[in-house]
Each structure stands twice: as C-alpha cells, then as structure tokens.
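K.L.:
What follows is a predicted protein model with its sequence.
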Amino acid sequence: MVDKTTASGKKAPQKKKKNKEAQLVIRLEKELRDNFIAACQDIDTTAARELRGFIKKFLKRYDKGEFDDT
C-alpha cells in the first residue's frame, strides 16, 4: 500500500477497513450477473458495494414497517 501525504508533507490518516464477517451467496442467471457487474463498472462502483447499500436501505424500510400488510 502506498502512503499518501498531505500538502504539508505529513502522512495522511488511513481509513481503517471494517472486517466483513459473513458472506451471502446468491444464484442468478449469468447474463443478469454480467449486466449488473458491467453497469457497476460503468458508474465506477462495485457490485458488493451496491448490494450492501441495497440491503441497508431495505432493512431501514423494513424497520419502519413499510412491508407490513396491515
């Protein structure tokens, strides 16, 4: 890893990465996966980042009761 320095020549603080403790394996059609990966690359993101974002948004909506049938 290359150390980054600020304009004053001091070391820039490094972000600490969170350790991921679990994986989620899903099965989907190859074409769907390939199209999703290509779309993510096109907007300079990763499939994993987008899926984590989707899950977080879904859980917020779930916690608010947006999926209740009543």
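P.N.:
Sure, I can see it.

K.L.:
where do the strands sit along the chain?
P.N.:
The residue ranges that make up strands in the chain, judged by DSSP state E, are empty, as it has none.

K.L.:
Spatially central residue in it, please.
P.N.:
For the chain, the residue lying nearest the average C-alpha position, counting by Cα atoms, centre = their mean, turns out to be R49 (1.4 Å).

K.L.:
need the contact list for the residue nearest to it when sequence neighbours are not counted.
P.N.:
Spatially, and ignoring its direct neighbours in sequence, R49 is nearest to C40 (7.8 Å; Cβ to Cβ, 6 or more residues apart in numbering). Any C-beta I mention is one placed from the backbone N, CA and C, and that applies to glycine too. Under the criterion of Cβ atoms under 8 Å, 6 or more residues apart in numbering, the contact partners of C40 comprise 46-47, 49-50.

K.L.:
ok, 6 Å please
P.N.:
C40 is in contact with 46-47, 50, counting by Cβ atoms under 6 Å, 6 or more residues apart in numbering.

K.L.:
Relative to E31, how far out is it?
P.N.:
15 Å (Cβ to Cβ, to the nearest Å).

K.L.:
Out of the contacts of C40, name the ones that lie in helices.
P.N.:
When these are checked against helices using DSSP state H, the ones located there are 47, 50.

K.L.:
can you redo the contacts of C40 as JSON lines with neighbour count, distance to K11 and pLDDT?
P.N.:
What follows is these, written out as JSON lines (neighbours: other Cβ atoms under 10 Å; distance: Cβ to Cβ, whole Å; pLDDT from 0 to 100):
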{"residue": "T46", "neighbour count": "11", "distance to K11": "27", "pLDDT": "97"}
{"residue": "A47", "neighbour count": "14", "distance to K11": "32", "pLDDT": "97"}
{"residue": "E50", "neighbour count": "14", "distance to K11": "32", "pLDDT": "98"}
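
K.L.:
is it possible to export the contacts of C40 to TSV including distance to F58?
P.N.:
Written out in TSV, the entries for the contacts of C40 read as follows (distance: Cβ to Cβ, whole Å):
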residue	distance to F58
T46	18
A47	16
E50	12
